[in-house]
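Undergrad: task: produce atomic coordinates for the following.
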Amino acid sequence: MEQTTAGTFRVLASTRGDDEWLLLDVESGDPTYVPATGYEGALAETAADLEAGNRVDAELAWSDGQARFAALTITAPTRFYFIRTTETLFEAAKRCWNDAVEEGSGMNSRVTYGTDSEPNGIVYTFAEQPGQRDLFEEFRDGVKPLEPLLVRAAGGREAYDTDDGPEPPFETFVLSHPDHPFVTVYIVLDPDGFLAETVRDTYLDGDGSAHDDEDDVGGLADRL
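TA: Sure thing, here's the model as predicted:
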């Protein structure tokens, strides 16, 4: 007999196959795998719009231990990007890490600001642990959830679905660089803003160029 459960989840790409999503319960972090396709009507359209990082309310139908979407609503179209890069890492990340080293800490965070002196992002650095754990993979696979960082960026769990803090969606970049002994998580508060566009261009388009024109004061190299 088919049973149903409901909850709020963070969507990640499954590492088991391309035609599957990994759902992480936002409260417990418990994982559930669901097929990405095979739905009909409006449900199929919503499922086709899913991207890694989206926060969703979903009803799951269970049959023989396998879950499928029975109902689905995207509540925050935050996107996650997991990038192993050899491009120059932006200065705010390196300064954040240097502060952690000086304090003898394995992690640190700092707020970044735009040209209007308003916060435009939060950068975190986490020490890698060579030979024991691949922290980048743990973020990508959901073993180490990003949810607490997103909740904090929104002003706390109670503020997440209100106007009390920065309003999701956010653009979230997880970066690993072979020349740096840490993983960077950069939560950009405005996914449609210039900062998010610049980070995407720098680390996703493959040209490797930071915006270093002195007249382009909103660029990644100048502001971060």
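Undergrad: number of nearby residues for Val56?
TA: Applying other CB atoms under 10 Å, we find 22 residues neighbouring Val56. (Glycine included, C-beta is placed from N, CA and C.)
Undergrad: identify each buried residue in the helix or strand hosting it, please.
TA: In this assignment (DSSP states H and E), Val56 forms part of strand 55-63. Of the residues in strand 55-63, 55-56, 58, 60 count as buried by neighbour count, 16 or more other CB atoms under 10 Å.
Undergrad: out of those residues, the closest to Val151 would be?
TA: If you rank the buried residues of strand 55-63 by distance to Val151 using CB to CB, Arg55 comes first, at 10.5 Å.
Undergrad: can you tell me the strand partners of the host helix or strand of Ile74 and which way each runs?
TA: Using DSSP H and E, the element containing Ile74 is strand 66-76. As defined by DSSP bridges, the strand partners of strand 66-76 come to strand 55-63 (antiparallel).
Undergrad: ok now do the residue lying closest to His177 once chain neighbours are set aside, which residues does it touch?
TA: Nearest residue to His177 in three dimensions, chain neighbours excluded: Leu89, at 5.1 Å (CB to CB, 6 or more residues apart in numbering). Each residue near Leu89 by CB atoms under 8 Å, 6 or more residues apart in numbering is listed here: 175, 177, 179-180, 184.
Undergrad: got the domain ranges for the protein?
TA: Under the assignment automatic domain parsing, the domains of the chain span 3-76, 79-223.
Undergrad: least reliable of these going by mean pLDDT?
TA: Ranked by mean pLDDT, the domains of the chain bottom out at domain 79-223, with a mean of 83.
Undergrad: report the buried residues of whichever strand or helix holds Leu43.
TA: Assigned by DSSP H and E, Leu43 belongs to helix 41-48. Neighbour-count burial for helix 41-48, counted by 16+ other CB under 10 Å, picks out 46-47.
Undergrad: may I have that helix as CSV, with CA atoms only?
TA: Provided in CSV are the C-alpha atoms of helix 41-48 (Å, rounded to 0.1, in the frame of the first residue of the first chain):
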residue,chain,number,x,y,z
GLY,A,41,1.0,17.5,-15.8
ALA,A,42,1.8,20.5,-13.6
LEU,A,43,3.9,18.2,-11.3
ALA,A,44,6.1,17.3,-14.3
GLU,A,45,6.6,21.0,-15.1
THR,A,46,7.6,21.9,-11.6
ALA,A,47,9.9,18.9,-11.3
ALA,A,48,11.6,20.0,-14.6
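Undergrad: name the residues that touch that helix?
TA: Outside helix 41-48, the residues that touch it by CB under 8 Å, 6+ apart are 36-37, 39, 69-74.
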